[in-house]
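Engineer: I need the structure of the sequence given here:
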Amino acid sequence: MIESKNHLERLEQIERGKRIKNIRENELHMNKTQLAREIGISSQFLGLVENGKGNLVYKSLKKLRNLSGYSSDYILFGIDDNSISETKKVLEQYSEMEISEAIKLLNNIAVFIRNK
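Structural biologist: Numbers count the residues shown, from 1 in each chain. Prediction:
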């Protein structure tokens, strides 16, 4: 059990590194040296983080969050805050009873798909 937990943590670390690299390359359009300087780490350590072999400390994560505009939840766990916000906006249009019925329907659909 401990081994599988460690394996999952390792996979999360690899995915986190990929997200950070994607943010650096595709959103911030920076090289490793530039981003490392901005968030207060060495470019070598940033390379380790992006390859899933290291983690950012709070101070560096906060700087990356402020620089990129992405939430810490997205950077760390891949949770897309925008989809949560959009869902909340959509759900505001419906009553609690309508939302409850929709959730029941979604559960039934999930069971149907699982048993297919």
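
Engineer: can you list contacts of the host helix or strand of residue 112?
Structural biologist: Using DSSP states H and E, the element containing residue 112 is helix 96-115. Here helix 96-115 makes contact (C-beta atoms under 8 Å, 6 or more residues apart in numbering) with 91, 94. Yep, even glycine has a C-beta here, placed from its N, CA and C like the rest.

Engineer: Can you tell me how far residue 77 is from residue 104?
Structural biologist: 28 Å (C-beta to C-beta, to the nearest Å).

Engineer: now do residue 48
Structural biologist: Distance of residue 48 to residue 104, given as C-beta to C-beta: 47 Å.

Engineer: For residue 77 and residue 104, work out which one has more neighbours and name it.
Structural biologist: residue 77 (13 against 10; other C-beta atoms under 10 Å).

Engineer: low-scoring stretches of this protein, by residue?
Structural biologist: 1-3 (pLDDT under 70).

Engineer: residue contacts, the residue nearest to the spatial centre of it?
Structural biologist: Geometric centre of the chain, nearest residue: residue 78, 1.6 Å, by C-alpha atoms, centre = their mean. By C-beta under 8 Å, 6+ apart, the residues touching residue 78 are 15, 16, 19.
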